[in-house]
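Asks: Kindly return the folded structure for what I paste below:
(3 chains)
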Amino acid sequence: MSTYADRLRGNIRVFNEFVAGPGLWVLITLLFTYAALFETQLFVIGLIVGSVLALGSIGLTLIYGVMRFGNFAHGDLMMMGAYVTFFLLNGTILGQRRDANIGVGLNDLPAGTERLGDLTFGYSFLIGVALSAVVLAIVCLGLDRLVYRPLRQRGSSIVTFAIASLGIAFSVRALLLIIWGPDPRTYVSGIHKAQHYPFDVVLKTDQVFIMVVAVVMTALVYLLLFRTKLGKAMRAYSDNPDLALVSGINTDRVIFWTWVIGGSLMAIAGSLLALQANLKPELGFQLLLPLFAGAILGGLGKPQGALIGALVVGVAQEVSVAYISAGYKPAVSFMILILILLIRPRGLFGDAN
Amino acid sequence: MRAERMITPIVLFVVAFLVTAIPFERSGGNFAGTASFLTTFLTTVGIYAIFTLALNIQWGYTGVFNFGVAAFFLVGAYTAAIVTKDPASGEFVQYVGGFGEFLSPDFLDAGEWLPFIVGVGAAGMASGILALLLSVPTLRLREDYLAIATIGVAELMRRIVIEEKSLVGGTNAMVGIPGPLDGYFDPGDWKYAFLVMVIVFLGLLLFAVERGIRSPWGRVLRALKEDETVTAASGKDVFAFRMQGFVLGAIIMGMGGAVFGYGRGSVGPETFDHFFATFLFWAMLIVGGSGNNWGAIVGAFVVWGVWTISLQLNGYDLPGVLQVRIFFIRDLLIGMTIVLFLLLRPQGLVPEQRRVSSWLDRRVRTPSDARPPPEAGAAGGE
Amino acid sequence: MTDARPAPVLEVLDIVAGYGEVDILHGVSITVQAGEMVAIIGPNGAGKSTLLRTIFGLLDARGGQVSLKGEDITNRPPDDLVLRGLSYVPQVDNVFPSLTILENLEMGAFVRKDGLAERLERVFSLFPDLTDRRGEKAGKLSGGQRQMLALGRALMLDPDILLLDEPSASLSPKMVELIFDRINLINSEGTGILLVEQNAHEALSASNRGYVLAMGENRLEGEAKSLLDNEEVGKLYLGT
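Replies: Here you go, the predicted structure:
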């Protein structure tokens, strides 16, 4: 090995530590400032898209952080959460050729669909999401029991986990197509009037709601990881699963709660996404790129990183529409991903390894 | 153990039987029709085996986790299309290239074979160049990062095709891709000739790869997958070898894309989605057994066999509820198959080197070959 | 043995264990009395670390028995043993790097509900170096400080017996002295110690008794002093 290569590698390390980190923050600040000033409406849309992505990225980063594996089924499981909410509200699935209905749904609750304030949904939606979170938690626990745990016990490599989660991703998507069919669905119909805010910003109240939820979820997950005993055990397990076991931590419980919380976040993220847009099974896999980009940019395992990373991805994607074709939005996430992996793989808040 | 050894032959037999019996039965005992169907089936298996072999080189031998096969598939198919087709007439579909006419001088009926050979070569090259460009930023990444990066590349390539409408037709499919030697046959008979061409191509490829694996270069590649640190310590440039394995696999994928285009006659951006153009090949590799060239072919046969059989079942009078969803049920089965294989039979259907390889072993013996070839690695390096 | 000593706190009888097809231990027996410090020495590959891992339930014993305070604990999982008074410090990767010193110690006491503050005080008084840095991430500590933190974590549950896997590995001579000094102090406060060491001289000098292991079998045992003087031991193992 030539010493030139070694010196280069050493220089890159120094660059990483001292220049890349602050440099990244500078870039982000510049992006946001520019976007806010010159492309205000797109900037706001970017924040909305980013908030929706953030909910997904937070769940992804939690699971990635604790269990040390990238769950490629995350996007499709989010969609499952959205569809379960849909089903609980309407009772609709795909029958032979047209929709079939089990005849009852949460929307039938008294005043369930009565809009809460300026939002498009009533309390039945909230109940639906909560129940969907329970369903997804159970699904994730089931998947862990049936697939991931046997692989863990065998000491399988990252690649095996990746392929397994990809297999699950496609299976989930196929399942959604079987039960609900390929046509897009919506939760609510009807117009949702947008509100006007200062600085020419136009927002629907639903969107404000989503942004608030994203921030609240970030805070809750942060508090969990850094202020509770369970959270510390999760971080300990992430650092060193064997040592966690040796210290007497019940690692099965750590894994249990990680999937329960992760699964709930998947359901919430998917349902809010569907609230904002509409519901299609293919959406799941397409989400992987921006979700991973956001989580990695922020630093795996760091919820505050996932929030900021996802917002950056959202803003970058939406603002790019002013300059390049909208079809290239995934390319923007891709570029961000590659950039981070090359310049500062641990992201904004990640620990040096 | 004995029962275990029977699994592979049994599976192969069941698949082969169903693939033959169902269309035969449904066509009411029509031999010609069944033969035609089987020809198409085997041709497709052969083409997909090319991709699976290439993926095996990248993953099974070199250890590069490529989940963007679709990118190289796409590049190869489109390159071959613009090389072999006549120039764009411009009305509905715009595209660059169109060297079909140029490559068809009257000499020796060149139009029947020259564009196609050039097409395959160009497809391989284009694909190889893409892989080369990607090597620098991506090959040092950890496997899961590499996976998402390659997913991103595949998505990027599709977007470029769709957005740059004058490049290769945008969302419109490129139709009318000619097939090699098709001027010599009646339209109904050409498929048999094409099957032969595919088999020959696959055979040459298999031979070349088996040879290459036994070469000193191939041995370093395999040692790399086993233990990177040790190999690096012995002075080999790890990165260079990984890049070579990656690029070689990509070249073959590009060529596979070309052959695919010739056989199908048309390609469009929807052809290259993540499920069909990437995941399917991984399923084939896992089912067949990675680290093993015969495994790649067996995997292609079994997975495509199951795919075809499930489509054939749709022809029967299934309850309406199932009819509507047969495609999705098939997708679900493929997804679950991969997971089941990872859990229950990670080494795949063909875990060990097979007879023909030992034939080659005897002919390519070198001093350090005194030991038998190493066990083929299972998926995921377990 | 016909002495009237009370039953040993930790008794390991004819343990057989290994990895995959290979057995590393072929029937090893040791005992540790209450408050004793026992050293296990021997050449590389003798199975010393494997023995500790088997005792602590990280590796399945294929034969033999382990009992703690009279109860059979063979093949019980680590989180159970930790509740019964056994604690283990691995040789490497023995702290949580992204957690602070304080959080590391808290993890050590994860299963206890009470008395956290007192135990923290005890550990900090043993390792004053760590007190000033309690908010720092463990990954930033030096080798010696990490070792102290690793010991501290294992002490958070007031174990009856502490299993130490090569505590002096890759430490400077000054640090080695310091670590053994601390280990002695811990032992003098009543905690039994079973330690595995490459550094046979230091280990035997500090301990009450010793066992010499080779090829997965007991070779010699006795008072640490006499093992130190023993010619055979001196020739074969102390050279390390």
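
Asks: and the stretch 251-382 of chain B, which of its residues are near chain A?
Replies: B:274-275, B:279, B:282-283, B:286, B:320-321, B:324-325, B:328-329, B:331-332, B:334-339, B:342-343, B:346, B:379-382 (CB under 8 Å from any CB of the partner chain). The way it works is simple: take the backbone N, C-alpha and C, and place the C-beta from them, glycine included.

Asks: Go again with 7 Å.
Replies: B:274-275, B:279, B:282, B:286, B:320-321, B:324-325, B:328-329, B:331-332, B:335-336, B:338-339, B:342-343, B:379-382 (CB under 7 Å from any CB of the partner chain).

Asks: any idea which helix or strand of the chain has the worst average confidence?
Replies: If you meant another chain, say so; for now it's chain A. The weakest-scoring helix or strand in chain A, judged by mean pLDDT, DSSP states H and E, is helix A:3-14 (a mean of 70).

Asks: was after chain C, sorry
Replies: Every helix and strand of chain C was ranked by mean pLDDT, DSSP H and E. The lowest is helix C:231-236, at a mean of 68.

Asks: and the helix or strand residue B:209 falls within, what does it pack onto?
Replies: Secondary structure assigned from DSSP states H and E places residue B:209 in helix B:190-214. Where contact means 3 or more CB pairs under 7 Å, 6 or more residues apart in numbering or on different chains; DSSP states H and E, helix B:190-214 is packed against helix B:31-55, helix B:238-264, helix B:293-313, helix B:355-363.

Asks: Residue B:347 falls within a strand, correct?
Replies: No. The assignment for residue B:347, made by DSSP: H, G, I helix; E, B strand; the rest coil, is coil rather than a strand.

Asks: tally of neighbours for it?
Replies: Look at residue B:347: counted by other CB atoms under 10 Å in any protein chain shown, it has 20 neighbours.

Asks: again, but for residue A:293
Replies: Neighbour tally, residue A:293, other CB under 10 Å: 31.

Asks: how would you label it: helix, strand or coil?
Replies: Taking three-state DSSP as the rule, one finds residue A:293 in the helix state.

Asks: Next: the one 4 residues further on.
Replies: Following three-state DSSP, the label given to residue A:297 is helix.

Asks: ok, of the residues of the stretch 251-382 of chain B next to chain A, which come out buried?
Replies: Buried by 16 or more other CB atoms under 10 Å in any protein chain shown: B:274-275, B:279, B:282, B:286, B:324-325, B:328-329, B:331-332, B:335-336, B:338-339, B:342-343, B:379-381, out of these.

Asks: near chain B, which residues of the stretch 201-350 of chain A?
Replies: A:285, A:288-289, A:292, A:325, A:327-328, A:330-331, A:334, A:337-338, A:341-342.

Asks: Which one (most neighbours) among the residues you listed?
Replies: residue A:292 (34 neighbours).

Asks: Is chain A within reach of stretch C:104-111?
Replies: Yes. Judged by CB under 7 Å from any CB, stretch C:104-111 comes into contact with chain A at C:106, C:107, C:108, C:110, C:111.

Asks: Contacts only, for the residue in chain C that chain A sits nearest to.
Replies: Going by CB to the nearest CB, chain A is nearest to residue C:82 of chain C, at 3.4 Å. Contact analysis of residue C:82 by CB atoms under 7 Å, 6 or more residues apart in numbering or on different chains lists A:248, C:111, C:157.

Asks: and after the helix or strand harbouring residue A:319, which helix or strand comes next?
Replies: Element membership for residue A:319 (DSSP H and E) is helix A:303-320. The helix or strand immediately downstream of helix A:303-320 is helix A:329-343, counting by DSSP H and E.

Asks: Give the other helices and strands that that following helix contacts.
Replies: helix A:283-298, helix A:303-320, helix B:143-163.

Asks: Just to check, residue C:163 is in contact with residue C:52?
Replies: Yes. The criterion here is CB atoms under 7 Å, and residue C:163 meets it with residue C:52 at 4.9 Å.

Asks: So for the two, which residues contact both of them?
Replies: Both residue C:163 and residue C:52 are in contact with residue C:88, where contact means CB under 7 Å, 6+ apart.

Asks: where in chain C is pLDDT low?
Replies: C:1-5, C:234-240 (pLDDT under 70).

Asks: and the residue of it nearest chain B?
Replies: Residue of chain C nearest chain B, by CB to the nearest CB: residue C:20 (13.0 Å).

Asks: Residue C:92 versus that residue, what's the distance?
Replies: Noted for residue C:20: a distance of 21 Å to residue C:92, by CB to CB, to the nearest Å.

Asks: ditto for residue C:164
Replies: Counting by CB to CB - residue C:164 and residue C:92 are separated by 13 Å.

Asks: Quick one: mark the members of the residues of stretch C:104-111 next to chain A that sit in helices.
Replies: Using DSSP state H, C:106, C:107, C:108 are the members of the residues of stretch C:104-111 next to chain A that sit in helices.

Asks: Now do the same contact list for the first one.
Replies: It refers to residue C:106. With contact taken as CB under 7 Å, 6+ apart, residue C:106 is in contact with residue A:232.

Asks: In terms of packing, which of residue C:164 and residue C:92 has more residues around it?
Replies: Neighbour count, other CB under 10 Å: between residue C:164 and residue C:92, residue C:164 has more, with 29 against 10.

Asks: Name whatever forms a beta bridge with the more buried one.
Replies: residue C:89, residue C:195 (DSSP bridges).

Asks: mind checking the longest helix of the chain?
Replies: All of this is about chain A. The residue-count maximum for a helix in chain A (DSSP H) belongs to helix A:40-67.

Asks: Hmm, no, I was thinking of chain C.
Replies: Counting residues, the longest helix found in chain C (DSSP H) is helix C:173-188.

Asks: Which residues belonging to the helix holding residue B:209 are considered buried?
Replies: B:190-191, B:193-195, B:197-198, B:201-202, B:205-206, B:209-210, B:213-214.

Asks: Quick check: phi and psi on residue C:86?
Replies: Main-chain torsions, residue C:86, degrees, to the nearest 10: phi -110, psi 140.

Asks: near chain C, which residues of chain A?
Replies: A:232-233, A:235-236, A:239-240, A:243, A:245-250, A:351.

Asks: how does it look with 6 Å?
Replies: A:232, A:236, A:239, A:240, A:245, A:246, A:247, A:248, A:249, A:250, A:351 (CB under 6 Å from any CB of the partner chain).

Asks: Pick the one among those closest to chain B.
Replies: residue A:351 (15.6 Å).

Asks: what secondary structure does the closest one sit in?
Replies: At residue A:351, secondary structure determined by three-state DSSP is coil.
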